[in-house]
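1. Build the 3D model from these lines:
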Amino acid sequence: MQAAAARPTLLFVHGWAFDATVWTPLRAGLREWPQAVFDAGYFGPGHEPDTNGPVIAIGHSLGLLRLLRKPPPGCLGLVSINGFARFAAGPGFESGAAPRVLERMSRRLSSDPVAVLRDFRQRCGDDTDFGEPQLAPLARDLQALRDEDRRAALAALPVPLQVLAGADDPIVPAPMTQATFAGRADAQIHERAGGGHLLPVSDAAWCAAHVRAFISRLAAAA
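-> Okay, the predicted model is just below:
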């Protein structure tokens with residue numbers, strides 16, 4: 001008699017200007033699964049979790065780009081929430097954000113990081129307090145938003161992909177989402193009517209239902 005397959009660990013990777021706490025509502029909705037959480041260290045010590053065995057990686061915003069840079073070992077599937085493989089506009093990706101906006105944010109970050117973070121988080125729909133900004137990781141990842149392009153990695157991704165997007169996302173609007181995943185005919189794209197850029201917070205139950213269905217499909221196909 002075969003032993004039961006190990007339940008996959010859900011690995012949560014947050015986006016720029018936030019930390020691991022952004023996942024609290026969604027993690028509560030998926031509490032029946034083993035979980036691991038990455039933290040970039042924007043407001044304190046960073047954390048790179050060790051994951052052993054099967055993993056389903058869930059990236060929010062920049063978190064997807066980070067996962068495409070280095071998928072975790074044992075990854076069975078990838079979930080993008082408000083995510084992208086490239087953020088800044090450029091030749092062949094005209095729907096991205098204007099590079100001059102990111103350059104302006106970079107210049108302001110060193111002199112007034114609190115204002116830059118507050119402005120960005122408010123655009124995302126978040127007015128909560130945050131800790132003391134850590135300039136090095138924030139500046140490094142803001143540069144990644146401006147310069148990094150992981151569309152080739154996305155096209156070559158060897159595992160199933162689920163995409164959750166907000167119809168009214170002010171940071172990653174619908175044209176950017178469509179351009180990002182246009183080369184993945186197998187991507188399951190689900191758009192939340194009225195949803196913004198913080199779906200793991202504002203629409204945690206909706207996200208949890210889709211993640212749970214994605215896990216079930218992976219299990220059925222195994």
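
2. Could you list the low-pLDDT ranges of the protein?
-> By pLDDT under 70, the low-scoring segments of the chain are 1-5.

3. So for it, the centremost residue is which one?
-> residue 60 (1.8 Å; CA atoms, centre = their mean).

4. Hmm, that one is touching residue 81, no?
-> Yes: with contact defined as CB atoms under 8 Å, residue 60 and residue 81 form a contacting pair (4.8 Å). Quick note: C-beta positions are derived from backbone N, CA and C, even for glycine.

5. Let's see the strand or helix carrying residue 63 as CSV, backbone CA atoms only.
-> Using DSSP states H and E, residue 63 maps to helix 62-69. Once non-C-alpha atoms are left out, helix 62-69 reads as follows in CSV (Å, rounded to 0.1, in the frame of the first residue of the first chain):
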residue,chain,number,x,y,z
LEU,A,62,6.6,42.0,-7.1
GLY,A,63,6.5,38.6,-5.3
LEU,A,64,5.7,36.9,-8.6
LEU,A,65,8.7,38.4,-10.3
ARG,A,66,10.9,37.3,-7.4
LEU,A,67,9.5,33.7,-7.7
LEU,A,68,10.2,33.7,-11.4
ARG,A,69,13.7,34.7,-10.7
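
6. Work out the gap between it and the centre of the chain.
-> How far helix 62-69 lies from its chain's middle: 7 Å, per CA atoms, centre = their mean, to the nearest Å.

7. what helices or strands is that helix leaning on?
-> On a contact count with 3 or more CB pairs under 8 Å, 6 or more residues apart in numbering; DSSP states H and E, helix 62-69 meets strand 9-13, strand 55-60, strand 75-81, helix 135-147, helix 151-155.

8. change it to 7 Å
-> Helices and strands touching helix 62-69, by 3 or more CB pairs under 7 Å, 6 or more residues apart in numbering; DSSP states H and E, are strand 9-13, strand 55-60, helix 135-147.
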